[in-house]
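Student: can't give you the sequence, but here's the structure:
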């Protein structure tokens with residue numbers, strides 16, 4: 001991924017940013033784990049606790065599907081659809097396999 005330049009690099013960067021905001025199509029979230037010390041101190045005020053949902057860890061496999069793709073127009077086309085929330089990362093892999 002790191003050797004890509006220009007528009008492809010920008011699209012990859014945008015996808016990572018929307019992943020952090022939990023906006024990628026089909027993306028799952030996970031509950032944050034509280035520090036046991038924080039949990040013990042706040043037992044009397046559990047209603048004040050806010051447990052944030054975090055994006056799940058991004059898997060490497062979908063990004064490996066880009067390795068053999070040399071056609072920059074194809075990369076831009078598919079990555080743009082992921083960034084536009086039309087494709088999930090799994091659908092991106094399927095498109096690159098075609």
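Tutor: Yep, that arrived. All values derive from a computational prediction rather than experimental measurement.
Student: in what helix or strand does residue 70 lie?
Tutor: When elements are assigned from DSSP states H and E, residue 70 belongs to no helix and no strand.
Student: would you confirm that residue 20 contacts residue 55?
Tutor: Yes: with contact defined as Cβ atoms under 8 Å, residue 20 reaches residue 55; the gap is 6.1 Å. (Each C-beta comes from the backbone N, C-alpha and C, glycine too.)
Student: comparing the two, which residue is more hemmed in?
Tutor: Using other Cβ atoms under 10 Å, the more surrounded residue of residue 20 and residue 55 is residue 55, with 16 against 12.
Student: three-state assignment of the residue nearest to that one when sequence neighbours are not counted?
Tutor: Counting by Cβ to Cβ, 6 or more residues apart in numbering, residue 22 is the residue found nearest to residue 55 once chain neighbours are left out, at 4.8 Å. Secondary structure, DSSP: H, G, I helix; E, B strand; the rest coil: residue 22 is coil.
Student: do residue 77 as well
Tutor: Residue 77 ends up helix, using three-state DSSP.
Student: which SSE is immediately downstream of the helix or strand of the chain with the lowest mean pLDDT?
Tutor: Using mean pLDDT, DSSP states H and E, the weakest-scoring helix or strand in the chain turns out to be helix 36-41, at a mean of 56. As assigned by DSSP H and E, the chain's next helix or strand after helix 36-41 is strand 53-55.
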